[in-house]
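Participant: sequence-free structure coming up:
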């Protein structure tokens, strides 16, 4: 994109009833970190102001009302005001359909800007899926919304990032009894390739990826389960044959213990909790979710709206800072020069 040297990244405030506005304000106050991109606070200006008050920060923001008003290059922090919810309608710490509608409306606007090339990616603060559904979103999750909007039919999936470790899984939000049906060589291979390409976009030319087994102790050579022999192992070999640096399958109960010694950049688990339990124990308050397989980077903290502490000004903002840094780095890797 020739309009500027730095990527243009939007920051969305998330659910106004949760810790999102506070986190967004704390992120936007990190001016040294924000210097690596042209940053836009995208959303209702009044919600951002509410976040400033809760966070105890004062932001120097230039308000604009249309994207065309942005200069091609500037170090100024801009707010693209997009009215979506009156502050008096905020019910702090509670599921609110109006808050969900605000989130849905703002996400759609961000997607439109990304599709047009007006922004290079965006970071959104946490929101509540039930509230967004009550607010009119017809999709079960934001990722389904993103996939539908961009008409993505290829390989995709949520990637969880903790520091420099990227993790994803072959199956996701399904019943545990249905997992075995998903353990197929082609699906596992496509998941490996998806994580490999995402890490390359992040800037790692030849990332090292480890793959878990499905069964305890990887099935002990077929004694209790053949998925490692018939599906997972062949998928790893297929990935190797295409030049990817992949190892495994390794037992799921020790793979995270091996990550530092063997310097894994990524780990692929077979189902949701197999990987998520480990990553959240390692660093719940700094993890990031990357929505992989999309044409632009879209990231968010891995934690939720934290309704129990909303409005107290005590929410930690390390995760949203990490989400911002990842979005910037991926946008730089994905932009033409």
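Facilitator: Happy to help now that I have it. The model shown is predicted, which means the values in this text are computed figures rather than measured ones. Numbers count the residues shown, from 1 in each chain.
Participant: the stretch 101-250 of the chain: strands as residue ranges?
Facilitator: Counting by DSSP state E, counting those that start in this stretch, the segments of the stretch 101-250 of the chain that form strands are 121-124, 157-162, 165-169, 208-212, 245-250.
Participant: and these, which is most packed in?
Facilitator: Highest mean neighbour count among the strands of the stretch 101-250 of the chain (mean count of other Cβ atoms under 10 Å): strand 121-124, with a mean of 28. Placement of C-beta: from N, CA and C, glycine included.
Participant: that one pairs with which strands?
Facilitator: strand 8-12 (parallel), strand 298-301 (parallel) (DSSP bridges).
Participant: average pLDDT across that strand?
Facilitator: The pLDDT scores in strand 121-124 average 98.
Participant: swap in stretch 265-281?
Facilitator: Across stretch 265-281, pLDDT averages out at 94.
Participant: got the end-to-end distance for that stretch?
Facilitator: Distance across stretch 265-281, first residue to last, is 18 Å (Cα to Cα, to the nearest Å).
Participant: buried sites along the lengthiest helix in the chain?
Facilitator: Counting by DSSP state H, the longest helix found in the chain is helix 97-116. Neighbour counts over helix 97-116 (16 or more other Cβ atoms under 10 Å) mark 98-107, 109-111, 113-114 as buried.
Participant: helices or strands next to it in the packing?
Facilitator: Counting by 3 or more Cβ pairs under 8 Å, 6 or more residues apart in numbering; DSSP states H and E, the packing neighbours recorded for helix 97-116 are strand 8-12, strand 38-43, strand 121-124, helix 129-134, helix 142-150.
Participant: quick one, that helix and strand 38-43 angle?
Facilitator: 150 degrees (axes from the mean of the first three to the mean of the last three Cα atoms, to 10 degrees).
Participant: ok now helix 97-116, how far from the chain's centre?
Facilitator: 16 Å (Cα atoms, centre = their mean, to the nearest Å).
Participant: stretch 207-222 now?
Facilitator: That offset, for stretch 207-222, works out to 26 Å (Cα atoms, centre = their mean).
Participant: ditto for stretch 238-245
Facilitator: Counting by Cα atoms, centre = their mean, stretch 238-245 is centred 26 Å from the centre of its parent chain.
Participant: got TSV for the helices and strands packed on helix 97-116, with distance to residue 231 too?
Facilitator: Output for the helices and strands packed on helix 97-116, formatted as TSV (distance: least, Cβ to Cβ, whole Å):
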stretch	distance to residue 231
strand 8-12	39
strand 38-43	43
strand 121-124	34
helix 129-134	32
helix 142-150	25
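Participant: for residue 86, find the nearest of these.
Facilitator: Residue 86 lies closest to strand 38-43 among the helices and strands packed on helix 97-116, at 13.3 Å (Cβ to Cβ).
Participant: check which residues of the very next helix or strand once past that closest one are buried.
Facilitator: With elements assigned by DSSP states H and E, the helix or strand that comes after strand 38-43 is helix 45-55. For helix 45-55, the neighbour count (16+ other Cβ under 10 Å) marks 45, 46, 47, 48, 49, 50, 51, 52, 54, 55 as buried.
Participant: need the contact list for the third one.
Facilitator: Under the criterion of Cβ atoms under 8 Å, 6 or more residues apart in numbering, the contact partners of residue 47 comprise 13, 16, 21, 84, 85, 87, 90, 102.
Participant: now the first one
Facilitator: Residues near residue 45 by Cβ under 8 Å, 6+ apart: 63, 79, 81, 83.
Participant: neighbour-wise, which of these leads?
Facilitator: Neighbour counts for these, by other Cβ atoms under 10 Å, peak at residue 79, which reaches 22 neighbours.
Participant: now do the phi/psi pair for it.
Facilitator: phi -120, psi 120 (degrees, to the nearest 10).
Participant: residues contacting it?
Facilitator: Shown in contact with residue 79 (Cβ under 8 Å, 6+ apart): 40, 41, 42, 45, 48, 61, 62, 63, 64.
Participant: let me know the closest of those to residue 291.
Facilitator: Closest approach to residue 291 among the contacts of residue 79 (Cβ to Cβ): residue 42, at 16.6 Å.
Participant: give me the nearest residue to the closest one, chain neighbours excluded.
Facilitator: residue 10 (4.0 Å; Cβ to Cβ, 6 or more residues apart in numbering).
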